[in-house]
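In: dropping a prediction and its sequence here:
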Amino acid sequence: MTSVLRLDGVDRSFGDRQVLKDVSFDVVAGRMTGFVGGNGAGKTTTMRIILGVLAADAGQVTWRGEPLSRDARRRFGYMPEERGLYPKMSVREQVTYLGQLHGLTADAARRATDGLLERVGLAERGNDLLETLSLGNQQRAQIAAALVHDPEVLVLDEPFSGLDPLAVDTVVGVLRERATAGAPVLFSSHQLDVVERLCDDLVIIADGSIRAAGSREQLRSAYTTPRFELVVETDAGWLRDHPGVSLVDLDGARAVFDLAAGTDEQPVLRAALERGPVRAFRPVTPSLAEIFREVAK
Amino acid sequence: MNVMQATRLVAAREIRVKLRDRTFLISTVVFLLIAAAATILPPLLSGGPSTVAVTEAAAGPLRAAGLEVLAVPDDAAAEQAVRDGDADAAVVAGPAVLAMDDAPDDVISALSTEPPVRLLNPDAVDPVVAFLVPFAFAFIFFITSQTFGVQIAQSIIEEKQTRIVEILVAAVPVRALLAGKMLAGTILALGQIALVAVVAVAGMTFGDNTTLLSLLGPAISWFVPFFLLGFVLIASMWAAAGALVNRLEDIGGVSMPVQLAVMLPFFAVIFLNDNVTAMRVLSYLPFSAPTAMPLRLFTGDAAGWELVVSLALLLVAAAGFLLAGARVYEGSLLRTNGRTSIRTAWRERETLG
């Protein structure tokens, strides 16, 4: 059985405002799942419920088929959206402390801390007080704090916000390692290009409801009208009159068009070849941003 | 890992951080210096036996009384010795005692016969001491519960302000966080008092003040449980106050009621300490009991059952405040937008798994 973190019919209200409505999705082991939604869509509330920091009004969260207990959650790694560590403690000391709070022995916590600080490039700053580090380095310390106990499941709220490009690469590398090692990784981000580059699976939330969930490819094919780009030698204006074609963009010899449902693209290609050489003919895959705009409407 | 282990980890961190805090170390050293000075200096200043200038012929009884004798050839030289400051007093023909501005009691009693004195209440305490000792207890309770209570509040606010609280809450039960902080505060407070007590006792032994020491014994041993419960009572209020705000700058607004709950009983005990009825009432009210009851005990005014009843009342109050403080703490810990009202915190507690 694959290890799955599953949310099943989770509701949550704050006062009269219902912020999560019947939220259900899976985070599968070994895959990076991107969690996308606008501000106030419910991402942070969902993650807090997964970690047990907030209680769900209804529904449940299960891991490997079992409802989550505090002991199971202690083996989760969590990076909250609102960052923070102790400013007046050294990096090494507080990462070790957090390791112990997650159940490591003092020795194991120290060893794990040394390894991680090495991995995120903070080994030499380990004994400095957190407040003396640059913001980027504080973020690296935060990643180390989330990973020190070698978590079974990673839940990261906006892990890339505020990171410089080098740090993004480091963090991406570390997360990939964990996913490859078999941990489910759920991360939220509003930087859709980063999500597009990283995620295997995608969950889109808007206004407290899950609008779409699945692998990136599934979503791409499910949420787009078939769109193609055609480049010919001469003017491509004739496409306007071709049955089933609606032009999106026409620029002399280059055209982008959608096909009506049930229309095959091959006749269009043949028609183009009859008129002269075809320089390019390819499906246009929509960007995540386009899918998101489509789905979150 | 259970709640106990988590509590211990949290407490250990709090103590470790505090022991490196320069302000805390300096204030502890200052306390110790005050305790040492207060116990060692008075006997030293009262300065041993007087030096008496006297002719060798009259020196016998003064030597026998253990006074320091400065032998001089005649009465004029004796008077000059006092004027020059070489002697505290002089005994001249008559006999008469000469001194500059203060009659030397030890010299006078060496030269006179005193009637026998029979004390009917030999255990009664010197009235000056009877005031100073309870005042010292009240002061220690006041200062310590204030200092360490504020520190508990600050540590709670720091975790809210830096947002690390969300990571902590995801890892350990909220009540372990609170219990760890209370435990650390109590250990540090007791530790500081114990250090002060050790220095004070050493000072009294050094200054040969063992009578006072034997009188203080029972009062101190009763002061400890009253102090502990009283501290939990006050610290619970500080914890709740700290949890309601998000920034250290805002603590002033919520801490006023806590300050009053500490200060009013303190001044009531200080100003009403010779009003028997008022003290009896104060010794049962949980907020003033930690200072009022040891005072009544020290002045020999409280029966054994009164101590037990007062302590039981205090225990109930402390437990109640601890539970209420914990509920407010749980309800407001994750509300990081602005100040939380007590009512909201009370109602909106999360049921954490």
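Out: Arrived safely, thanks for sending. Residues are numbered from 1 along each chain as shown, chains lettered A, B, ... in the order given.
In: per the annotation, how does the chain divide into domains?
Out: This is for chain A. A:4-221, A:225-295 (automatic domain parsing).
In: oops, wrong one, chain B.
Out: As recorded under automatic domain parsing, the domains making up chain B are B:3-41+B:125-347, B:53-103.
In: name the SS class of A:Asp150, please.
Out: Here A:Asp150 is recorded as coil under DSSP: H, G, I helix; E, B strand; the rest coil.
In: quick check: the gap between the spatially most central residue of chain B and A:Gly38.
Out: Of all residues in chain B, the one closest to the mean position by C-alpha atoms, centre = their mean is B:Ile140, 2.4 Å from it. Note on B:Ile140: its distance to A:Gly38, by C-beta to C-beta, to the nearest Å, is 57 Å. Where C-beta positions appear, they are placed from N, C-alpha and C, glycine not excepted.
In: A:Val19 too?
Out: 13 Å.
In: which of these two has more neighbours?
Out: Neighbours per residue, other C-beta atoms under 10 Å in any protein chain shown: of A:Val19 and A:Gly38, the larger number sits with A:Val19, 19 against 14.
In: tell me the secondary structure for that one?
Out: Under three-state DSSP, A:Val19 comes out as strand.
In: before we move on, the earlier item: I'd guessed the residue nearest to the centre of chain B sits against B:Val196; true?
Out: Yes - in this structure, B:Ile140 is within contact of B:Val196 by C-beta atoms under 8 Å, at 7.4 Å.
In: list the buried residues of stretch B:16-29.
Out: Neighbour-count burial for stretch B:16-29 flags B:Val17, B:Lys18, B:Phe24, B:Thr28 (criterion: 16 or more other C-beta atoms under 10 Å in any protein chain shown).
In: which of those residues come close to chain A?
Out: With C-beta under 8 Å from any C-beta of the partner chain as the criterion, the buried residues of stretch B:16-29 include B:Val17 near chain A.
In: which stretches of the chain form helices?
Out: In the absence of a named chain, chain A is used. Applying DSSP state H to chain A gives helices spanning A:43-50, A:70-74, A:91-101, A:106-119, A:135-147, A:165-180, A:192-198, A:216-222, A:266-275, A:288-295.
In: oops, I was thinking of chain B
Out: Using DSSP H, helices in chain B cover B:3-19, B:22-45, B:60-64, B:75-84, B:105-111, B:127-161, B:165-171, B:174-206, B:210-244, B:251-271, B:276-282, B:289-298, B:304-332, B:342-347.
In: okay, angle between the second one and helix B:3-19 too, please.
Out: For the pair helix B:22-45 and helix B:3-19, the angle between their directions (axes from the mean of the first three to the mean of the last three C-alpha atoms, to 10 degrees) equals 70 degrees.
In: average pLDDT for helix B:22-45?
Out: On average, the pLDDT along helix B:22-45 is 81.
In: starting at the chain centroid, how far to that helix?
Out: 12 Å (C-alpha atoms, centre = their mean, to the nearest Å).
In: can you list the residues that contact that helix?
Out: B:18-19, B:147, B:192, B:195-196, B:199-200, B:202-204, B:206-209 (C-beta atoms under 8 Å, 6 or more residues apart in numbering or on different chains).
In: top of those by number of neighbours, please.
Out: Neighbour-wise, the contacts of helix B:22-45 (other C-beta under 10 Å) top out at B:Ala200, 22 neighbours.
In: now it: closest residue in space, sequence neighbours ignored.
Out: B:Ala35 (4.6 Å; C-beta to C-beta, 6 or more residues apart in numbering or on different chains).
In: give me the number of residues near the one you found?
Out: Neighbour tally, B:Ala35, other C-beta under 10 Å: 21.
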